[in-house]
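Q: sequence first, predicted coordinates after that:
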Amino acid sequence: MRRVVVWTAACLAVLLTAGIATAYGYYHSLRSGMVQHDLEAALDEGERPEKISDAVNILFMGSDGYEEGSTAYTTEFEGERSDSIMLAHISPDNRVSVISFPRDSLVDLPQCDPYGTAEGTHGYFGMINAAMYHGGPPCVVRTIESLTDVRIDHFVHLSFMSFRDVVDAIGGVDICIPEPMKDERSKLDIPAGQQTLTGDQALSFVRARYEIGDGGDIGRIDRQQMFMAALADQAMRGEVLSDPRKLHGMLTAVTTHSATDSRLTLDRMLSIAVSLSDVDLSDIEFHTVPWYQAPFDPNRILWHEDRAEELFTAVREDRPLPPLMAADEAAVPAEPPGASPSAVDSPGDSPSPEPHAARPGEGRDATSNPCADGLGFGTGEEAY
């Protein structure tokens, strides 16, 4: 009997050790593919906002750097700019708010030190998407922190390939499209009706701009927010999180084609994902920074400072975000405060669409559903 007990214990020890070794090997293989940036070393702590709540703020940056095999508009421009910037605010009480910062925004860019191949920059008034060009992800974090006074806990720099592979890993994203959509520049061609978008289709969908709606960035942000709501809904479902193949695909896509800060480790990602598993889609709110058309350039926008500050203060203090009501035309200032057309000189500039009618940003709930049987969105000016 003693011999049987000893051999049983030994076998269990071997199996347990093998399991631990296998798990560690898997963890190490995923982690080794992650590009990580040391924000603490790149940014001056004395210039960063103080953290005053237990909420987690994660800055998502989608870049327009060209990748072979991806749906990219062009290789004409050198360097990399932020194609989209979103701040996800995750509250301990299961509230999630996502704030979009339009890439056409003219803002006060802060001074950024050289980083990697980027040469850094002095502070100046220009396009918000130029921060990535000047100083990589740390400069984008510094820019958002300087504009919002919100402490960024983590960031995720998503590439085209990462976004595409995440969508494919979960089997595509279901979304309802009320009318056909086509945009040659992003290679988008989708019929109307209930659709399951593949990774390539999803990438074209969130990047389409010039031939959809009014051709502006704000309409594209609306579509991005609606798609991200559908993506979050499907990614957090039990059939995805409990499916080893799909979960492995998502983790591999994130770790292979994206970059994070060094503190956003794989176990930290999983911890955040588990905490979000109890969040209902109706608890996710999407907002766009309140804005108005720049008087001196119909293709650029400025922020309503008072209303934007109300939004940022709510995030800082971890309070429910205020409903952002459309401003009266009379409330739009005739001139942008502290700016002039001659002050704009940004390498973030790119070919502009035709002038489009501006409308102030407006918060909306992620459950908006123009389609009867699934998540959808409008494609005309009336839908925005």
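A: Yes, it's here. Numbering: from 1, shown residues only.
Q: list the residues that contact the closest residue in space to F312 that isn't next to it in sequence.
A: The shortest distance from F312 to any non-neighbouring residue, by CB to CB, 6 or more residues apart in numbering, is to T148 (4.3 Å). To be clear about C-beta, it is placed using only N, CA and C from the backbone, and glycine gets the same treatment. Neighbouring residues of T148 by CB atoms under 8 Å, 6 or more residues apart in numbering: P49, L87, F312, V315, R316.
Q: restricted to strands, list those residues.
A: L87 (DSSP state E).
Q: ok, so of the contacts of T148, who is nearest V35?
A: Within these, proximity to V35 (CB to CB) peaks at L87, which comes in at 20.9 Å.
Q: okay, now the closest one: neighbour count?
A: 22 (other CB atoms under 10 Å).
Q: cool, and V240?
A: Neighbour number of V240 under other CB under 10 Å is 17.
Q: so it, which state does it fall into?
A: At V240 the chain is in helix, as set by DSSP: H, G, I helix; E, B strand; the rest coil.
Q: V167 is in contact with that one, correct?
A: No. Checked against CB atoms under 8 Å, the pair V240 and V167 is beyond contact range at 11.8 Å.
Q: can you pull out the low-pLDDT segments for the stretch 151-300 of the chain?
A: 210-216, 238, 277, 281 (pLDDT under 70).
Q: can you pull out the helices in it?
A: Assigned by DSSP state H, counting those that start in this stretch, the helices in the stretch 151-300 of the chain fall at 160-169, 199-207, 217-235, 238-241, 244-257, 266-276.
Q: who wins for proximity to W291 among these?
A: Nearest to W291, of these and by CB to CB, is helix 217-235 at 7.6 Å.
Q: tell me what that closest one is packed against?
A: strand 82-90, strand 96-100, helix 160-169, strand 173-177, helix 199-207, strand 284-288 (3 or more CB pairs under 8 Å, 6 or more residues apart in numbering; DSSP states H and E).
Q: and the first one with strand 284-288, angle?
A: Spelled out, it's strand 82-90. In terms of direction (axes from the mean of the first three to the mean of the last three CA atoms, to 10 degrees), strand 82-90 departs from strand 284-288 by 140 degrees.
Q: what about strand 82-90, average pLDDT?
A: Averaging pLDDT along strand 82-90 yields 86.
Q: all further residue positions should be reported with the first residue as 32.
A: Right, with 32 as the first residue, what we last looked at is strand 113-121.
Q: mind listing what it pairs with, with the direction of each?
A: Strand 113-121 sits in its sheet next to strand 87-94 (antiparallel), strand 127-131 (antiparallel), going by DSSP bridges.
Q: neighbouring contacts of it?
A: Residues contacting strand 113-121 (CB under 8 Å, 6+ apart): 86-95, 126-132, 134, 159-160, 162-163, 171, 175, 179, 181, 183, 237-238, 252, 255, 259, 303, 306-307, 346, 349.
Q: what's the residue nearest to F343 sitting at in phi/psi?
A: phi -110, psi -20 (degrees, to the nearest 10).
Q: so how far is Q142 from it?
A: 17 Å (CB to CB, to the nearest Å).
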